[in-house]
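Visitor: I'll drop the sequence and a predicted model, then ask my questions.
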Amino acid sequence: MKPTYFINFMMGMYIFIFFAYLFGPLIVMSITAFNSAEFPSISPWECFSFRWFNEGKIAYDGQHLAGLLSDWRLHDGIISSLIIGAGVVSLSVPIGMAAAIVLTQVRSQLRDIYYSISIMPVLFPGVIIGISTVVLWDRIAGLGGDGFISDVGRNGIFLTILAQTCFISTYCFLIFVARLQRFDQTQEEAALDLGATQTQVFFKILVPYLMPAIASAAVIAFLFSFENYNTTVFSILSDQTLTTVIASKVRLGISPALSALALTIIALTIIAAVTYEILRRRSEKKYAQSQEIFVKEKAASGRINKEYKAGFKVPKGIVAILLVLVFATYGATQIVKNDLYGQSCIDAADQEKKSKFLEQLQTLESNELTEEELSGGSLGGTEDYGDIFGDPSLFQDFGGFD
Amino acid sequence: MSADVELNNVSVTFGSFYAAKSVNVKINGGEFFSFLGPSGCGKTTLLRAISGFQDPSEGSVLIDNKDMSGIGPNKRPTSLIFQNLALFPLMSVSENIAFSLEVRGVSKKDRQKRADELLELIALEGQGEKKVHQLSGGQKQRVAIARALAVEPKVLLLDEPLSALDLKLRQRMRTELREIQKRVNITFIYITHDQGEALTMSDRIAVMNEGEIEQIGPCDEVYNNPLTPFVATFVGENNPLFGKVKEINQNKVRIETPDGDFLATMNENKKLNIGDEAIAFVRPESLFIPREGDNFDNQIDVNIESFEFEGNIKNFYATLKSGTRIKFSIPNAIDTSSISSGTKLQLGFESIKSSILPKAQLAID
C-alpha cells in the first residue's frame, strides 16, 4: 500500500469519526421522534408514529404526555423566546455597532482598555449576569411603588432581554469590529469632502458597507438569545422560554416530543442554510458572469475568449444523499415487514402495556401477607428492631449530619 | 470659476514633530500647481490642511481670500482626489459621480443629467450603470476626477492619484489631466513624489523637504536654477562636485575640487564668498564627449566603469580621479560603441549649465 493511500484512508476515517461524533446524536435523536414509545428510544422499537409531532398520547395510567402540537407550555415558551430574541436583536445590534464605531475613533492607549472592557461581558459567567440583572431591577422596581416601574422591573421577559443583551451585544461588537477593520476610512473622508454631512456619511457610506455585518450580527444575536439557558433561567422569573421549558421537562423525565421538537429545529436550520447557500451561489455566479464579460471586453485578443468545455462530473453530494436513501429504505422496509407502524400497532402496544400493568397490579394485590410475614417473617420477631431508637449506646459515636 | 489659495505661515505639528513648518505659498486662480517632495516631506499634510481634514497648528489657509479656519471639508470649495481614489464600491459609476449632488438634495433627474455630462467629459459615455469594480485602472481614475468635478469646485486637490497606474497609462493620464484642467479652468493643486509628473503638468512647482518648502517656481527655473543642493539632486539627476570657492567673477564662480577646478554659475539668491565650502552641480545630459573644434568651459577626466542602455539615451557610470562617481548620458544618435568599461575619456561641460551652491544636505536616492 502506498503511503498516500494510507494517509488518504486515515483522513477519510478521521473525517468519518468527526462527522459521526458531530451528527450521530442528532440522527439518533431524530429517529426516536418517530418511535411511539413513551421514552425516547430506538430499541426496542415499538411502532412508527407521528404522534409526538401532534397530539402526544394519554398513557394507560391516565397521565397526559403532550406531543409537539398540543403542548401549550412549549408554545408559550417558543413565543416568549421569539419575543426575547426580537428584543435582543433590536438592542444588541445597535449597541454592538455603536461600540465598534467608537473603537475605530479611539487611537491612543485607551483603545486597548476600551476593547478589553467591551469584550468583558462574554467572559462573565451567564449565571452572574442573570442574577445581577434580577437583583438590580428588583431594587429599581422597589423604588417606584406599585406603578409602571414596578411592573417592568419584575417582568421576566423584559429582564431577560436586558440580561441577554449584556453579553450578546459583545458578540455583535466583535462582528462589527471585524468588518470595520477592513473599512477604508478615506471613503468617509471622500464623502465628507464631496459635501456630505456626518449623518449622510453614516447612512450613505457606513451603513451600506456594514449591511452584511448587520445581517450576520442579527442572526447570531437571535440564535444566541434563542438557545440561552444559564442567564435566562434566573432573569425569566415566573415566565418560561423554550429552553427553560425543555429543562423543566427533562427534570420530570423526557418524552419523544422533545425529539420531535429537536428534529423540527434541525430541519428548519437545514432549510435556512440550504436556501442561503443557493441564493449566495446564485449571486456569486451572477457576479462571476459580469466579471467574465468585463474580462472578455478587456481582452482584445481571443486568447482567453475560448469557450469552456463542459465536462461531466458526479457531484460528491449525490453520494451522501444516496447513502442516506439506502439507510432510510432499509429502515422503512424493516418497519413495514414487521408491521411496526400505524394505529393498529400502536393500539396493540398500548393494549399490551396496559395488560402488563394490570397484571402487575393484580400480582401486587394478590400478594396478601401471611400472619408470619406481618410479624417479622422468617427473619425473626419484631423485637429484633423494636428498640432500635431506645438503645442509648447505639448512636453515641454519631457526630451528626454535616 | 477658480480661486486663489494662500497658505500663510502654516505649520502642522504632531506632538513635537513638525509635519509642515511655516509654509508660505500663494497659488493663483486657474493655476496647475504641484507640491513635489519625497515621501514623508509633509506634502499630503499640506493638502489635508487645504481640504480641511487637518487643522493647521499655526497660520491660516485662505481660499478666495477667505480664512478657512473652522470650516469643515464639506463646506469648503475644494474637492480632493485621494491617492487610492476612494470610489464608493457599492454604488454605480453614475451614483459615484453624482454623490455630491445627492447629498445636496439635487433631484434625481438633474443628478442623472449632470452625471451624463461628466461621463462625456471623461469619455465614458454610457458606462454609468457599471459598478466600480468593472472599470479598469485608468477609467477609475477618470471617474474619480468626474466625481470631484461634479459640484464645480473652485480648487481641485490631487493626492498622487496616478501612482497606482502603470507607466503608459500614467503618461496618458498626465496629458488628460492637463487637458481637463484647461477645459474646466479651475485651480489644480497636485501632490507628487514623481518629478517627471510635476515637471510635465505644472505651471509652477514647490519642492518640499522635511516639512519646509525649499523652492517655488516655474518648472524650468526649478530644474535649471535650483536654490538648494536638495532641489538640485531631487528634481532630476545631478552630479555633485564638492570643493571650495576659489574665485568669484560676477555670477561666475571657480570652485577648487580634488578633481580639478571648474567654472560654474552662481544663483543670485545664494551668495558665496571665497573660501566657502560649495558644491557644483552638473546634470548627466550636460556632460559631453568633445568633438573636433568643441571648446567647453570645463574639462573633466573620467574612467568608465559601466553603462546601461535606456533606449533614447545611453547612461555611463564613471569614476573621477578622486574616486567620486558620476553619471552622464549620451543620446543614442551618437555612436558610442567604442566606449566600454575601462575606457578613459575627457568630458566637457559649459559653466552656464552648472550651478554652484553652498554646501548643504542632498536628496538621498
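Guide: Happy to help now that I have it. This is a predicted model, so every value here is computed, not measured.
Visitor: For residue 85, give me its contacts.
Guide: The chain I'm using is chain A. When contacts are counted by C-beta atoms under 8 Å, 6 or more residues apart in numbering or on different chains, A:Gly85 touches A:221-222, A:225-226. For glycine as for every other residue, the C-beta is placed from the backbone atoms N, C-alpha and C.
Visitor: Chain B, not that one
Guide: B:140-141, B:143-144, B:161.
Visitor: Check those and tell me the two furthest apart.
Guide: B:Val143 and B:Pro161 (11.4 Å; C-beta to C-beta).
Visitor: Go ahead and confirm A:Ala163 touches A:Ile129.
Guide: Yes: using C-beta atoms under 8 Å, A:Ala163 is in contact with A:Ile129, at 5.4 Å.
Visitor: Please tabulate the contacts of B:Leu85 in JSON lines and include pLDDT, neighbour count and secondary structure as additional columns.
Guide: Formatted as JSON lines, the contacts of B:Leu85 follow (pLDDT from 0 to 100; neighbours: other C-beta atoms under 10 Å in any protein chain shown; DSSP: H, G, I helix; E, B strand; the rest coil):
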{"residue": "B:Lys140", "pLDDT": "89", "neighbour count": "21", "secondary structure": "helix"}
{"residue": "B:Gln141", "pLDDT": "87", "neighbour count": "24", "secondary structure": "helix"}
{"residue": "B:Val143", "pLDDT": "91", "neighbour count": "25", "secondary structure": "helix"}
{"residue": "B:Ala144", "pLDDT": "91", "neighbour count": "25", "secondary structure": "helix"}
{"residue": "B:Pro161", "pLDDT": "84", "neighbour count": "25", "secondary structure": "coil"}
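Visitor: of the residues you listed, closest to B:Ser39?
Guide: Nearest to B:Ser39 among the contacts of B:Leu85, with distances taken as C-beta to C-beta, is B:Pro161, at 15.6 Å.
Visitor: what's the burial count for A:Ala20?
Guide: 11 (other C-beta atoms under 10 Å in any protein chain shown).
Visitor: One more: A:Leu263?
Guide: A:Leu263: 22 neighbours (other C-beta under 10 Å).
Visitor: which secondary element of the chain has the worst mean pLDDT?
Guide: The chain I'm using is chain A. helix A:383-386 (a mean of 55; mean pLDDT, DSSP states H and E).
Visitor: I was thinking of chain B, sorry if that wasn't clear
Guide: helix B:167-184 (a mean of 85).
Visitor: how far away is B:Asp335 from chain A?
Guide: 39 Å (C-beta to the nearest C-beta, to the nearest Å).
Visitor: Doesn't that residue lie inside a strand?
Guide: No: using DSSP: H, G, I helix; E, B strand; the rest coil, the secondary structure at B:Asp335 is coil, not a strand.
Visitor: Backbone torsions only: list them for it.
Guide: phi -80, psi 120 (degrees, to the nearest 10).
Visitor: one step back: common neighbours of A:Ala163 and A:Ile129, please.
Guide: By C-beta under 8 Å, 6+ apart, the residues touching both A:Ala163 and A:Ile129 are A:Thr231.
Visitor: More neighbours: which of these two?
Guide: More crowded of A:Ala163 and A:Ile129, by other C-beta under 10 Å: A:Ala163, with 27 against 21.
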